[in-house]
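Trainee: Okay, structure incoming, though there's no sequence with it:
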Ligand code: GDP
């Protein structure tokens, strides 16, 4: 059976923890989109890890971890990550890389930085990992697929020549930066070839057989619904689809095989980068939530940037869950809210004098003001609780109120960052 694990919000909902947890009973875990621009933090018996490219299933020796064709593959970063986990005592993971995945080139990273510099104050808040230039090239059909590393030298050099002619015009005239040469790009690709060769695989054929054999497969999403280029807060989005539906494409499996869609929803809001964020909070209130949030504070796993903080947003989450096709909600980081006397929850948006519960397009979102309902806090530490009935009443009320507002069943409640800190519940 195939299960997708995706985010309903802006990312950092705790998908890594949920994937690591579900991987215990899975055979294959696949990254299907995005690149090394965001990270998952995972805490397990080997220690604490920030994964950027590797799927969050690499900590078990019974799993196969796959980089799907939809990923922006930064080969040196992938290998650094493999080395890092091995150095911390994790057994060498079984990894497969799709022969159809495309590679982030060093110039994509440079272009990302140059463009942010050019846009200055109007930038997108990119992590400068080369993701937007990478996906632009992929769809402009001037990207490099892993399979092309195995092409003959003349054909590959010919293509590099055509691609860099275009790049060099921009480098010279728009950015005023050093130019690229065919030999330098070719040498880089040959280094990548040596690194990736042992892992290259026809992933969709591998998964076709795995599905036939009844294997348990997880699709691990990066970021969340709000960052989807079609359905999110365009243009402050990422460059590949963050939706479960894209899992079929970015892994190479039939869409109808995705039977379960676990949408991870955080008990409060956080976001990185620029963009609309209606329930955002500021000042001391935000600082305190940021300091107490996640595991060791809400700071980017890749960049270390402080995350923007906000109260739970029912409007965005209901939409985020709907657009994912949610079958189950995993409600995470609830333990963090134990310090609050009262917890505001955004239940509507006021736009030009009218209150709506429907998530609007970005042009309208800009004018939205949050409408809050304030719920009582539970004022205690809920870590260590394993049964839903044992949670304090106000805590259960918070969960049930949110379930009612978002309209999707909360079947898992995460009350700590550890692998087994989870409470299963019957959402009826
Ligand atoms: P992802 O990108 O969706 O995987 O999320 P991140 O890893 O960026 O952020 C989630 C953070 O919250 C990580 O530091 C996790 O260790 C932490 N986390 C996940 N679930 C829980 C939870 O239930 N309670 C607490 N306190 N932290 C959690």
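Mentor: Noted; the coordinates are in hand. Just so it is clear, the structure is predicted and the values come from calculations on it, not from any experiment.
Trainee: all contacts plus neighbour counts: C-alpha atoms, from now on.
Mentor: Noted.
Trainee: Surely residue 78 and residue 55 touch.
Mentor: No: with contact defined as Cα atoms under 8 Å, residue 78 does not count as touching residue 55 (10.5 Å).
Trainee: Between those two, which has more neighbouring residues?
Mentor: Taking neighbours as other Cα atoms under 10 Å, residue 78 and residue 55 compare with residue 55 leading, 28 against 20.
Trainee: Residue 390 - how many residues pack around it?
Mentor: 11.
Trainee: Ok, the one 5 residues further on next?
Mentor: Using other Cα under 10 Å, residue 395 has 23 other residues around it.
Trainee: Give the residue spans of this structure that score low on pLDDT.
Mentor: 123-125, 301-302 (pLDDT under 70).
Trainee: any idea what residue 285 is structurally, helix, strand or coil?
Mentor: helix (DSSP: H, G, I helix; E, B strand; the rest coil).
Trainee: Now name the helix or strand holding residue 247.
Mentor: Taking DSSP states H and E as the definition, one finds residue 247 inside helix 244-251.
Trainee: immediately after that helix, which helix or strand?
Mentor: Immediately after helix 244-251, counting by DSSP H and E, sits strand 258-266.
Trainee: List the buried residues of that next one.
Mentor: 258, 260, 261, 262, 263, 264, 265, 266 (16 or more other Cα atoms under 10 Å).
Trainee: So what are the sheet partners of that strand and their directions?
Mentor: Strands adjacent to strand 258-266 in the sheet, as given by DSSP bridges, are strand 2-7 (parallel), strand 328-332 (parallel).
Trainee: right, and those - which one's nearest residue 101?
Mentor: Ranking the strands paired with strand 258-266 by proximity to residue 101 (Cα to Cα) places strand 2-7 first, at 19.4 Å.
Trainee: List, one by one, the residues from the stretch 1-150 of the chain near the ligand.
Mentor: Proximity of the stretch 1-150 of the chain to the ligand, by Cα under 6 Å from any ligand atom, involves residues 11, 12, 13, 14, 15, 16, 17, 39, 40, 41, 42.
Trainee: Could you count how many residues lie near the last one?
Mentor: This points to residue 42. Using other Cα under 10 Å: residue 42 sits among 25 other residues.
Trainee: For it, give its distance to residue 95.
Mentor: 18 Å (Cα to Cα, to the nearest Å).
Trainee: next one: residue 173
Mentor: Between residue 173 and residue 95 the computed distance is 41 Å (Cα to Cα).
Trainee: just to revisit the earlier point, ok, of the buried residues of strand 258-266, which one's closest to residue 321?
Mentor: Looking across these and measuring by Cα to Cα, the closest to residue 321 is residue 263, at 6.5 Å.
Trainee: where along the stretch 1-150 of the chain do the helices fall?
Mentor: Using DSSP state H, counting those that start in this stretch, the helices of the stretch 1-150 of the chain run over residues 15-23, 75-87, 106-119, 131-139.
Trainee: which stretches of the stretch 201-350 of the chain form helices?
Mentor: Here the stretch 201-350 of the chain has its helices, by DSSP H, counting those that start in this stretch, at 203-212, 244-251, 283-292, 314-324.
Trainee: Serialize those helices to JSON lines and add fields for distance to the ligand and mean neighbour count.
Mentor: Below are these laid out as JSON lines (distance: least, Cα to the nearest ligand atom, whole Å; neighbours: other Cα atoms under 10 Å):
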{"stretch": "helix 203-212", "distance to the ligand": "24", "mean neighbour count": "15"}
{"stretch": "helix 244-251", "distance to the ligand": "14", "mean neighbour count": "23"}
{"stretch": "helix 283-292", "distance to the ligand": "8", "mean neighbour count": "15"}
{"stretch": "helix 314-324", "distance to the ligand": "14", "mean neighbour count": "24"}
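Trainee: Could I get these in a markdown table, plus columns for distance to residue 303?
Mentor: Output for these, formatted as a markdown table (distance: least, Cα to Cα, whole Å):
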| stretch | distance to residue 303 |
| --- | --- |
| helix 203-212 | 30 |
| helix 244-251 | 25 |
| helix 283-292 | 15 |
| helix 314-324 | 25 |
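Trainee: out of those, which comes closest to residue 230?
Mentor: Nearest of these (Cα to Cα): helix 314-324, 10.5 Å.
Trainee: pretty sure residue 197 is in a helix, no?
Mentor: Yes: under three-state DSSP, residue 197 falls within a helix.
Trainee: Tell me how many other residues crowd it.
Mentor: Neighbours of residue 197 (other Cα under 10 Å): 15.
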